[in-house]
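> quick one, fold the following:
(2 chains)
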Amino acid sequence: MRNSLLIAVREWKERMGSRSFILFSFLGPLVVLGLIYLLFAFGGQNKKHWNVLISDPANIFDNKILVQADEGITYSFADGYIEIDEFRDGKKYQSYDALFELNEKVYTNKIGHIFFREAPSVRIQTMAKFHVERRLEEIMVDEFTDFTIEKYRMIKQPLTLSFHDVFDPENESKDLLGWAGYFYGAIIFVFVFLFGMTVLRSVSREKSNRIVEVLLASVSPNQLMLGKIIGVGLSALVQFVVWSLIIGAGLYFMRENLFIDLLDASKMDIIEMASQSGGQTYQDQMYAAYEYNEFVKLVYNKVDFGFMLGTFLMFFIAGYFFYGALFAAVGATMGSESDGQQFVLPLVILLCLALYSGYYVLHYPETTLASVLHYLPFTSPVVVMVRAAQGYGDHTYEMYMSLMILIISAFAMLSIASRLYKNGILQFGHRVRIKHIFKWLKKT
Amino acid sequence: MLEVRNVSKSFYRKEALKDVSFKVSKGEIFGLLGPNGAGKTTLIRVINRIVEPDSGSVRLDGDIMTDNDLIKIGYLPEERGLYGNMTVQAQAMFLGRLRGLSKKDVNAKIDYWFDKFGINDWRKKRIEELSKGMAQKVQFICAVLHEPKLLILDEPFSGFDPINVELIKQELIEMRAAGRTIILSTHNMKSVEEICDRVVLINEAKKVAEGKISDLQAERKGGLYAVRFRGSMIAFVNALWTGFEVVDKDILGDDKFVVRLKMRGTSSFEDLLKVLIGQVQIEAAWEVLPSMQDIFIDIVQPVEEVSDEK
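Numbering: from 1, shown residues only, chains lettered A, B, ... in the order given. Got it, this is the predicted structure:
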């Protein structure tokens, strides 16, 4: 064990000192943070300024509508009736993005139609609806009541029907949470693959520069392989901790400094907000809530980071040993470093299969295949993360069962890999043949 | 010290070692010779426990070797390498510690050897910055850092310039004097003659010769003698009578020659000297023994070379 530890420390130091490791440790989380920032700042937001032409032949709006300067919509009024074809093809209408058709029926059926050239974002739709509703309220109050507009808004009691899944009464959006799990699972696989490839390269490099023979005169092949997997794995763990710290600090910084308003909005319930009356603050909040609620809520409120990180670590470590042993065995069986090229494709296919299985389970979490993938060691790290995030992890015995299978498989893979490693590590310059692999597996 | 007893090893259908046995005594430099593919590297790997024999055993100081004995062995393989991106100091520290030394001990040994080989300036250099010869020196130091009782060197002189070859030879001679045992596998027969006490010759997986170099030479000497003299070649030939046969000659100068000849019948070396004295000026005369190269070729040549060494 002492020798495995020495090998592990050497591998660890080598990784820690390499430029690519340092770059990936710091640039990787910064890129992720940048993407999160972009999603926060521009997620679903269409920055395009919209010109909306209101066709109001009955002059219901009296050419008035209250719009804030920074809201991204400019309304213009046309007195006459405009045909859709005319609006679509007419030269003078090309500068307008949408046509809002308004007629007297609106008093009774409360229906307005907007014809657009390009689909508007949710934000634009929300704003347009809000502006028109407000203006219509003013007109209705003026035409049919003696109330002031404030009084009217106070007594107005809109009914919002909120739909809830009987299995998910909290409406925790399984899909979105599933994506969070998928993200974790994908991170596991990306890390396992990257560091698995590091193990493979390290083994094949030791073979090609022949130091392996010096090492094997001091340590057994098993000790060498285990030390290598542990050392590279430790550096992966360090990298993950650095990632977590930087991303965690970045998210905290963003919440405290960059997205204060948005995040305040995220804490409000959109249904409650809809029942409130108010001026522009409410309006702003509502937009913000519509725009950012799901993602911001997901990141800051919904994801149980403690549980997810715990699950992540368990499956990451077990999954890494499983795949690390596989990669080490592949590295040991290679005749030369260039042989690695031919092994990359099947390994990438394996990676894609695992990632796709996570995607599949995200959409069909309760199928038999999903359960199989949940227990299959090749796919379980990503699938379990998805299902855990979706709430299926509440059946913890399933999760621990999957973990147990993965751990047992990791030991089995280590045992198989050690045979291949032992018999293949001193074979140089040969072409890898399946019969060799079977012979090496048979030999003790 | 080391006993290889009836060791056999096959790789699939190819026999790499067939019932090989020999003993190496404490404090001797033992040459392990053989053509490419003879099985030397396999044998060295068996001794180092890198490869397990199919049958037979290796004993160290009378006991069957175990993994715990590995720290008593220093090994410099033929196809050796180092981690290119590690510094010389870190490399030596890593390999020294793998051989069971503490950090403190490794540091002390590093100081000693780096001073001795005059490579203190290299400590912080990465291996990839060193020339092949420089890296060879570091590899040699790494192999002997833990002061092994048994040192196994596979082609230790390859890649070295003549000065460094001499340096390594002197080191080996010093180690022998200090009671260490050295197994030397090399194709450099001149070095074998110079420093090896005994040799074993392996060909086609089998031991084909073993013994002291002088004994092997004596076994294969062909009754050939050489005389170096000044004077006339005609006078030299005329002085010989039918009891001697000139085999060949080297002309060293206008009146200086080396002549190799064989005795006929009952003629002796003394008879030869007697007939020559007074005829030519004898500078030296000696019995010509076969070189290790000759012995090697003599034993190996009838067999075709096998290049695929496992």
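> spatially nearest residue to residue 196 (excluding sequence neighbours)?
All of this refers to chain A. Closest residue in space to A:Gly196, ignoring its immediate chain neighbours: A:Phe327 at 3.8 Å, by CB to CB, 6 or more residues apart in numbering or on different chains. Using the backbone N, CA and C atoms, a C-beta is placed for each residue, glycine as well.
> the intended chain is chain B.
B:Gly31 (3.8 Å).
> what helix or strand is the one you found on?
Element membership for B:Gly31 (DSSP states H and E) is strand B:29-33.
> run the chain-centre distance for that strand.
Taking CA atoms, centre = their mean, to the nearest Å, the mean C-alpha location of strand B:29-33 is offset from the chain mean by 5 Å.
> based on its surroundings, how many neighbours for the one residue in the stretch 1-150 of chain B that gets nearest to chain A?
Chain A sits closest to B:Gly81 of the stretch 1-150 of chain B, with a gap of 3.5 Å, by CB to the nearest CB. The number of residues packed near B:Gly81 is 20, by other CB atoms under 10 Å in any protein chain shown.
> surely it is within a helix?
No - B:Gly81 is assigned coil when assessed by DSSP: H, G, I helix; E, B strand; the rest coil, not a helix.
> assess the claim that it and A:Ile211 are in contact.
Yes - judged on CB atoms under 8 Å, B:Gly81 makes contact with A:Ile211 at a distance of 4.1 Å.
> picking that back up, I figured the residue nearest to A:Gly196 hits A:Met197, correct?
Yes - between A:Phe327 and A:Met197 there is a contact under CB under 8 Å: 6.6 Å.
> which residues do those two both contact?
A:Leu347 (CB atoms under 8 Å, 6 or more residues apart in numbering or on different chains).
> looking at the two, which one has more neighbours?
The neighbour comparison of A:Phe327 against A:Met197 (other CB under 10 Å) goes to A:Phe327, with 28 against 21.
> which residue packs closest to the residue nearest the centre of chain B, ignoring adjacent ones?
Residue closest to the mean C-alpha point of chain B, counted by CA atoms, centre = their mean, is B:Val192 at 3.5 Å. Excluding its sequence neighbours, the residue lying closest to B:Val192 (CB to CB, 6+ apart) is B:Gly31, at 4.7 Å.
> got it, and A:Tyr152?
A:Val141 (4.6 Å).
> could you do B:Gly84 as well?
B:Glu128 (3.8 Å).
> doesn't B:Tyr83 make contact with that neighbour?
No - here B:Glu128 lies out of contact with B:Tyr83, judged by CB under 8 Å, at a distance of 9.1 Å.
> who has more neighbours out of these two?
Taking neighbours as other CB under 10 Å, B:Glu128 and B:Tyr83 compare with B:Tyr83 leading, 20 against 11.
> now the more buried one: how far from B:Trp113?
In this view, B:Tyr83 and B:Trp113 are 19 Å apart by CB to CB, to the nearest Å.
> next one: B:Ala178
From B:Ala178 to B:Trp113 the distance is 14 Å (CB to CB).
> more neighbours: those two, which one.
B:Trp113 (19 against 9).
> tell me which helix or strand that one sits in.
Going by DSSP H and E, B:Trp113 is part of helix B:103-116.
> just the CA trace of stretch A:106-120, in PDB.
Output in PDB follows, covering the C-alpha atoms of stretch A:106-120 (Å, rounded to 0.1, in the frame of the first residue of the first chain):
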ATOM      1  CA  VAL A 106     -63.300  43.500 -27.000                       C
ATOM      2  CA  TYR A 107     -65.700  45.000 -24.400                       C
ATOM      3  CA  THR A 108     -67.600  41.800 -24.300                       C
ATOM      4  CA  ASN A 109     -65.400  38.900 -25.300                       C
ATOM      5  CA  LYS A 110     -62.100  40.300 -23.900                       C
ATOM      6  CA  ILE A 111     -60.200  38.900 -26.800                       C
ATOM      7  CA  GLY A 112     -57.500  40.700 -28.700                       C
ATOM      8  CA  HIS A 113     -55.400  39.300 -31.500                       C
ATOM      9  CA  ILE A 114     -51.700  40.000 -32.200                       C
ATOM     10  CA  PHE A 115     -50.200  39.000 -35.500                       C
ATOM     11  CA  PHE A 116     -46.500  38.800 -35.500                       C
ATOM     12  CA  ARG A 117     -43.700  38.400 -38.100                       C
ATOM     13  CA  GLU A 118     -41.300  36.600 -35.700                       C
ATOM     14  CA  ALA A 119     -42.600  34.900 -32.500                       C
ATOM     15  CA  PRO A 120     -42.300  37.200 -29.600                       C
END
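> ok, and what's touching it?
Outside stretch A:106-120, the residues that touch it by CB under 8 Å, 6+ apart are A:46, A:50, A:52, A:60, A:84, A:87-88, A:97-102, A:105, A:128, A:132, A:136, A:140, A:143.
> contacting residues around the residue of the stretch 51-200 of chain A found nearest chain B?
Across the stretch 51-200 of chain A, the shortest distance to chain B (CB to the nearest CB) belongs to A:Thr198, at 13.6 Å. Contacts of A:Thr198 were listed using CB under 8 Å, 6+ apart, and they are A:15, A:232.
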